[in-house]
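Colleague: Have a look at this fold, sequence not included:
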C-alpha cells in the first residue's frame, strides 16, 4: 500500500529537520499521528527507512568523492617545502590513524560475515536434525539474508 501525500511530506521533513517534533510541525502532522504511523503503518515505516537509507548512501558517496580531493591536499601539504614540520607531522598522523582504523573495520566486517555464515550453517544443521524446524534464538545478518530476533528458547 502506498503512503499518503501527508506522510510523504512528513518523511521529507523528518530527513531535514532536527527532531521529529520539528518535522511534524513543518508537515502539519501531530506527534501523536507520527507515533501511530511509526508503530502501526508498515508502508510508512518502510518508506521512511528507505528514504533514510537513501540519504545515508548519498552522504557516503559524497564523502568518498571528497576523499580523493582530501588525499590530494594531504599530498600537497606533505610535498610543500613551506609547510611547517609540525603540520606535516599532523597530516602524517591523521593518514596513519585513518588507514589503521579503516583496515581494522574492514577486518572486523570480514570476521562478522564469516561468523554469520557459520551461524547460518549451524542453524541449517540444527534444522535438518529437527526435521526442518529452525532454531528460535536467531540473529540478524549485515547483508539482510537472515532476519531473526535474539529471543531465547524459554
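Modeller: Looks like it arrived, so ask away. The structure displayed is predicted, hence computed values, not measured ones.
Colleague: helices or strands next to the least confident helix or strand in the chain by mean pLDDT in the packing?
Modeller: Using mean pLDDT, DSSP states H and E, helix 85-129 stands out as the lowest-scoring helix or strand of the chain, at a mean of 87. Packing contacts for helix 85-129, counted by 3 or more CB pairs under 8 Å, 6 or more residues apart in numbering; DSSP states H and E, involve helix 42-79. C-beta: built from backbone N, CA, C; applies to glycine.
Colleague: Okay, angle between the helix it packs on and helix 85-129 too, please.
Modeller: For helix 42-79 against helix 85-129, the angle by axes from the mean of the first three to the mean of the last three CA atoms, to 10 degrees is 140 degrees.
Colleague: Buried residues, helix 42-79. List them.
Modeller: For helix 42-79, burial by neighbour count (16 or more other CB atoms under 10 Å) applies to 44, 47-48, 74, 77.
Colleague: what separates residue 1 from residue 87, distance-wise?
Modeller: 57 Å (CB to CB, to the nearest Å).
Colleague: Who has more neighbours out of the two?
Modeller: The residue with more neighbours, out of residue 1 and residue 87, is residue 87; 13 against 8, by other CB atoms under 10 Å.
Colleague: Make sure that one is actually in contact with residue 74.
Modeller: No: using CB atoms under 8 Å, residue 87 is not in contact with residue 74; the gap is 10.7 Å.
Colleague: Excluding residues flanking it in the chain, which one is nearest residue 95?
Modeller: Residue nearest to residue 95 in three dimensions, not counting chain neighbours: residue 74, with 6.2 Å by CB to CB, 6 or more residues apart in numbering.
Colleague: ok, that neighbour - contacts?
Modeller: 91, 94-95 (CB atoms under 8 Å, 6 or more residues apart in numbering).
Colleague: which SS class is residue 35?
Modeller: Put simply, residue 35 is helix when judged by DSSP: H, G, I helix; E, B strand; the rest coil.
Colleague: So for it, what's the pLDDT?
Modeller: Per-residue pLDDT puts residue 35 at 97.
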